[in-house]
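Enquirer: this one's structure only:
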């Protein structure tokens with residue numbers, strides 16, 4: 001039992017705010033003079049209203065990319081001024097206030113920046129214009145959309161001229177959009193996106209011979225969710241140059257110079273010889289002789305008192321040219337040539 005004194009005798013109303021919802025309270029009155037008090041009045045029993053119920057229907061739309069959409073039926077009580085959305089995860093014990101939505105007729109909320117393939121729970125309370133908060137609504141549960149599965153069996157070639165072919169297995173993603181192909185010059189370097197493709201292979205055209213690259217492949221769905229791709233890199237390489245010839249000798253035979261060399265690289269299909277002629281102090285001329293099938297070159301265009309330099313190159317079936325051999329030099333006398 002508690003007592004409240006009303007000092008002003010002209011007061012005709014009293015509001016008791018220290019009450020619980022859905023409870024009964026009994027009240028009686030006494031009047032006081034300076035030296036006496038009256039008998040208690042007849043007792044009046046008053047019941048408080050129950051706590052306001054929340055919305056009667058709530059629904060969550062799941063399998064959305066990194067987001068969830070919550071919709072509900074607007075509350076029928078017109079003293080409702082806003083909705084309080086609460087959220088929790090399976091790892092959390094307590095509900096936390098997520099956000100508020102103003103307006104009784106508002107009926108949706110989109111929760112963004114969520115984790116992939118993750119479970120969230122939602123519920124709603126309503127707030128009235130006289131600041132009464134309702135009971136919570138029914139709980140709803142959603143699972144955000146998972147990332148697409150990883151791309152498997154990525155391979156890159158090392159035996160093609162001027163190009164690297166990258167292939168991989170098909171991924172059965174329901175709402176497939178494309179594959180992303182990334183490339184780096186080192187396995188732990190920065191990978192740049194170089195292609196968005198729908199096929200299961202990509203031809204990377206590269207001008208340099210024996211050039212190394214590393215590749216990663218991901219799959220992207222129509223919601224722009226991308227699979228994990230940083231855990232698997234494959235090495236590719238353009239076909240290297242054939243081995244350069246090793247020179248054996250250069251000698252004068254009759255009125256011609258003979259250049260002989262060796263080569264053991266099975267890829268080599270032909271040779272070329274670059275001849276540089278030097279006449280006097282400053283006059284020079286260079287020319288190349290190609291499609292030489294054996295390992296000997298005979299140069300009969302020889303003049304006396306001149307200097308000649310020779311370099312030999314190997315070429316494979318694709319026309320890829322080796323580095324030059326060691327340069328050899330021969331100077332004719334006034335009697336040679």
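Expert: Done, it's in. These numbers come from a predicted model, not from an experiment.

Enquirer: relative to the centre of the chain, find the outermost residue for me.
Expert: Residue distances from the centre of the chain (Cα atoms, centre = their mean) peak at residue 35, which lies 85.9 Å from the mean C-alpha position.

Enquirer: which pLDDT value belongs to it?
Expert: On the pLDDT scale, residue 35 is placed at 81.

Enquirer: give me the three-state assignment for it.
Expert: Per DSSP: H, G, I helix; E, B strand; the rest coil, the secondary structure class of residue 35 is coil.

Enquirer: contact partners for the residue nearest the centre of the chain?
Expert: Computing the C-alpha centroid of the chain and ranking residues by Cα atoms, centre = their mean puts residue 226 first, at 5.7 Å. Residues in contact with residue 226, defined by Cβ atoms under 8 Å, 6 or more residues apart in numbering, are 147-148, 180, 218-220. No exception for glycine: its C-beta is placed from N, CA and C like everyone else's.

Enquirer: restricted to strands, list those residues.
Expert: Assigned to strands by DSSP state E, the following of the contacts of residue 226 qualify: 180, 218-220.

Enquirer: just the residues you listed now: which is nearest residue 235?
Expert: Residue 235 lies nearest to residue 218 out of the ones in strands among the contacts of residue 226, by Cβ to Cβ, at 17.8 Å.

Enquirer: for the closest one, list each beta-bridge partner.
Expert: residue 180 (DSSP bridges).

Enquirer: isn't it up against residue 154?
Expert: No. Using Cβ atoms under 8 Å as the test, residue 218 is too far from residue 154 to be in contact (10.2 Å).

Enquirer: coming back round to it: distance to residue 14 added to the contacts of residue 226, as a markdown table?
Expert: Shown next, in a markdown table, are the contacts of residue 226 (distance: Cβ to Cβ, whole Å):
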| residue | distance to residue 14 |
| --- | --- |
| 147 | 63 |
| 148 | 67 |
| 180 | 72 |
| 218 | 71 |
| 219 | 71 |
| 220 | 68 |
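
Enquirer: before we move on, back to that, name the member of the ones in strands among the contacts of residue 226 with the most neighbours.
Expert: Neighbours were tallied for each of those (criterion: other Cβ atoms under 10 Å), and the maximum of 23 neighbours falls on residue 219.

Enquirer: what's near enough to touch that one?
Expert: Counting by Cβ under 8 Å, 6+ apart, residue 219 makes contact with 148-151, 171, 173, 176, 178-180, 226-227.

Enquirer: cool, and residue 285?
Expert: Shown here is residue 285, whose contacts under the criterion Cβ under 8 Å, 6+ apart are 276-277, 279.

Enquirer: show me which of those is closest to residue 110.
Expert: Proximity to residue 110 was ranked across the contacts of residue 285 by Cβ to Cβ; first place goes to residue 276, at 74.8 Å.

Enquirer: go ahead and confirm that closest one touches residue 299.
Expert: No. Using Cβ under 8 Å, residue 276 makes no contact with residue 299, being 11.7 Å away.

Enquirer: between the two, what contacts are shared?
Expert: Counting by Cβ under 8 Å, 6+ apart, the contacts common to residue 276 and residue 299 are 308, 310.

Enquirer: who's more crowded, the two?
Expert: Ranked by neighbour count (other Cβ under 10 Å), residue 276 and residue 299 place residue 299 first, with 18 against 15.

Enquirer: tell me what that one is bridged to.
Expert: Beta bridges link residue 299 to residue 257, judged by DSSP bridges.

Enquirer: roughly how far does it sit from residue 257?
Expert: Taking Cβ to Cβ, to the nearest Å as the measure, residue 299 falls 5 Å from residue 257.

Enquirer: okay, and the common contacts of these two?
Expert: With Cβ under 8 Å, 6+ apart, residue 299 and residue 257 have common neighbours residue 308.

Enquirer: where in the stretch 151-300 of the chain is pLDDT low?
Expert: Residues of the stretch 151-300 of the chain that meet the criterion pLDDT under 70 lie in 280.

Enquirer: if we go to 90?
Expert: In the prediction, the stretch 151-300 of the chain carries residues with pLDDT under 90 at positions 172-174, 247-249, 254-255, 278-284.

Enquirer: ok, now the stretch 1-150 of the chain?
Expert: Along the stretch 1-150 of the chain, the parts satisfying pLDDT under 90 run over 1-52, 130-132.

Enquirer: what ranges do the strands span in it?
Expert: Assignment of strands within the stretch 1-150 of the chain using DSSP state E, counting those that start in this stretch yields the ranges 24-27, 44-47, 58-64, 67-72, 80-89, 96-102, 108-112, 119-128, 140-143.

Enquirer: by neighbour count, which of the contacts of residue 219 wins?
Expert: Using other Cβ under 10 Å as the contact criterion, the top neighbour count among these goes to residue 179, which has 24 neighbours.
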